[in-house]
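Trainee: Below: sequence and its predicted model.
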Amino acid sequence: MLVLGLESSCDDCSAAVVEETARGPVLRSLVRESQDAIHGPFGGVVPELAAREHLLQVRAVMAGALAEAGIGLADLDRIAVTRGPGLVGSLLATFSASKALAWHHGIEWVGVHHLLGHLNAARFASPDLAFPALVLLVSGGHTHLYLAKDWTSLQLLQKTRDDAAGEAFDKAARMLNLGYPGGPLVDACAQAAIQASDPFTPPKFRDGKTSWSFSGLKTGVKLRVERNPRLAKAGGADPEVQSLCRSIQEAISAWLLKPIPDWARNRDARSLVISGGVACNSRLRSDAATMAPRMGLALAIPEPRLCTDNGAMIGAAGALLEPDSDPWIQNADADLKLGA
Ligand code: KG4
Ligand code: ZN
């Protein structure tokens, strides 16, 4: 089965052709248009600009994915598109275009939950993953831990009480004037560091429930920059900035992974999936690679281009779902719940 996967829930416009085979999904093509240059000057995504840009990008992205796969629209068996959650103006660009294509060419159509997409990004390299699996989804908007009993189900175990991990990276980079998006820039600085600066104190929760919080880290970075204003202007080549980035990155990685062993024992998990933009982080990838075998967990972290938002993950998830019988009565949903 050949599936065109489309994703435009935030600021990436992406299309991919995924071939679903008996041995799992095979990536035939992947095209992604970044809007970093448009949102960069604002230090974050501007929804109105993102929506308008998606409208301009969507045709070229779809045509590019088909051309790269060496197929035409008539060869497609199905179109899968992100239904939500996300920015509604952004979602509607690929959502509406896909409905029109499906109607005109008589192609099956299915709307996909964005987070099921992030889970299915792991199916390309690990089609035989052992379930139940713990699924850590870490991006600019999400820091959520789920339990999956298969590739199409996610049950929430815990989530951040405030900022998402990606937001913490982006805000730290902003305070250090490194640029946008901050995660890859903090990662590069941290890797260049000779040593880490003082560690950040992990949050404590009075109610004793396992959880995450990253707002204290943001305040911690702010205080250090206030104490040493030079850091805000020094740039990524400065050794002190690099050391600070290393402490930030070590804290985020350690805090993210801390609750995993308890949940793994508690739920008899056999695997750990980490996906979403922050799963590109070099420290998180190496810390998880050290921890997972100790816990007897198989580790599945998609290759970086499949961790950030992309059409391939939506195609891979959409290949496993029942197509919708009437795409025209479907709508994008900014707050789409899992299982809805
Ligand atoms: O999944 P994604 O592409 O979009 C959302 O759904 O949010 O994730 C984007 C987030 C941004 O916050 C970005 O800074 C972060 O992922 N990110 C990283 C790295 N690459 C991207 N964070 C840490 N280290 C990285 N290497
Ligand atoms: Zn995402």
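Mentor: Yep, that arrived. Ligands and ions are numbered 1, 2, ... in the order given.
Trainee: Look up the closest residue to the residue in the stretch 51-200 of the chain positioned nearest to ligand 1, ignoring the ones flanking it.
Mentor: When distances are taken as Cβ to the nearest ligand atom, the stretch 51-200 of the chain reaches nearest to ligand 1 at Gly183, 2.1 Å away. For glycine as for every other residue, the C-beta is placed from the backbone atoms N, C-alpha and C. Nearest residue to Gly183, sequence neighbours excluded (Cβ to Cβ, 6 or more residues apart in numbering): Phe169, at 3.9 Å.
Trainee: Is the one you found in a helix, a strand, or coil?
Mentor: At Phe169 the chain is in helix, as set by DSSP: H, G, I helix; E, B strand; the rest coil.
Trainee: Quick check: it touching Ala188?
Mentor: No - when contacts are counted by Cβ atoms under 8 Å, Phe169 is not listed as touching Ala188 (11.6 Å).
Trainee: More neighbours: those two, which one.
Mentor: Phe169 (30 against 14; other Cβ atoms under 10 Å).
Trainee: Next one: that one from Cys13, what distance?
Mentor: To Cys13, Phe169 is 22 Å away according to Cβ to Cβ, to the nearest Å.
Trainee: ok, now Pro127?
Mentor: In terms of Cβ to Cβ, Pro127 sits 27 Å off from Cys13.
Trainee: So for these two, which sits in the more crowded spot?
Mentor: Using other Cβ under 10 Å as the criterion, Pro127 and Cys13 rank with Cys13 on top: 28 against 16.
Trainee: Leaving aside the residues adjacent along the chain, what's closest to that one?
Mentor: Spatial nearest neighbour of Cys13, excluding adjacent residues (Cβ to Cβ, 6+ apart): Gln57 at 4.0 Å.
Trainee: count of neighbours near the one you found?
Mentor: Counted with other Cβ under 10 Å, Gln57 comes out at 23.
Trainee: What of Ser282?
Mentor: So Ser282, with other Cβ under 10 Å, has 15 neighbours.
Trainee: ditto for Ser215
Mentor: Other residues lying near Ser215 total 15 when counted by other Cβ under 10 Å.
Trainee: next one: phi and psi at it?
Mentor: phi -70, psi -30 (degrees, to the nearest 10).
Trainee: and it, how far is that from ligand 2?
Mentor: 21 Å (Cβ to the ion, to the nearest Å).
Trainee: Use 14 as the first number from now on
Mentor: Sounds good: first residue 14 from here, last item Ser228.
Trainee: what sits against that residue?
Mentor: Asp175, Asp176 (Cβ atoms under 8 Å, 6 or more residues apart in numbering).
Trainee: how much space is there between it and Pro38?
Mentor: Counting by Cβ to Cβ, the gap from Ser228 to Pro38 is 37 Å.
Trainee: returning to that earlier point: return every residue with contacts to both of Phe182 and Ala201.
Mentor: Residues touching both Phe182 and Ala201 (Cβ under 8 Å, 6+ apart): none.
Trainee: Regarding this protein, what is its longest helix?
Mentor: Criterion DSSP state H: the longest helix present in the chain is helix 60-82.
Trainee: For it, name the packing helices and strands.
Mentor: Other helices and strands packing on helix 60-82, by 3 or more Cβ pairs under 8 Å, 6 or more residues apart in numbering; DSSP states H and E, are strand 15-20, strand 25-34, strand 37-47, helix 49-52, helix 101-118.
Trainee: how many other residues sit next to Glu121?
Mentor: 18.
Trainee: Setting the sequence-adjacent residues aside, check what's closest to the spatially most central residue of the chain.
Mentor: Taking Cα atoms, centre = their mean, the centroid of the chain lies closest to Gly289, which sits 2.1 Å from it. The spatial neighbour of Gly289 that comes closest, neighbours along the chain excluded (Cβ to Cβ, 6+ apart), is Ser152 at 3.5 Å.
Trainee: One more: Gly195?
Mentor: Nearest one to Gly195, counting by Cβ to Cβ, 6+ apart, is Ala186 at 2.6 Å.
Trainee: For burial, what's the neighbour tally of the one you found?
Mentor: 25.
Trainee: For it, list the residues it contacts.
Mentor: Here Ala186 is in contact with Gly192, Tyr193, Pro194, Gly195, Gly196, Leu198, Val199 (Cβ under 8 Å, 6+ apart).
Trainee: could you redo the last one with a cut-off of 10 Å?
Mentor: Contacts of Ala186 were listed using Cβ atoms under 10 Å, 6 or more residues apart in numbering, and they are 56, 192-200, 202, 234, 249, 258, 261.
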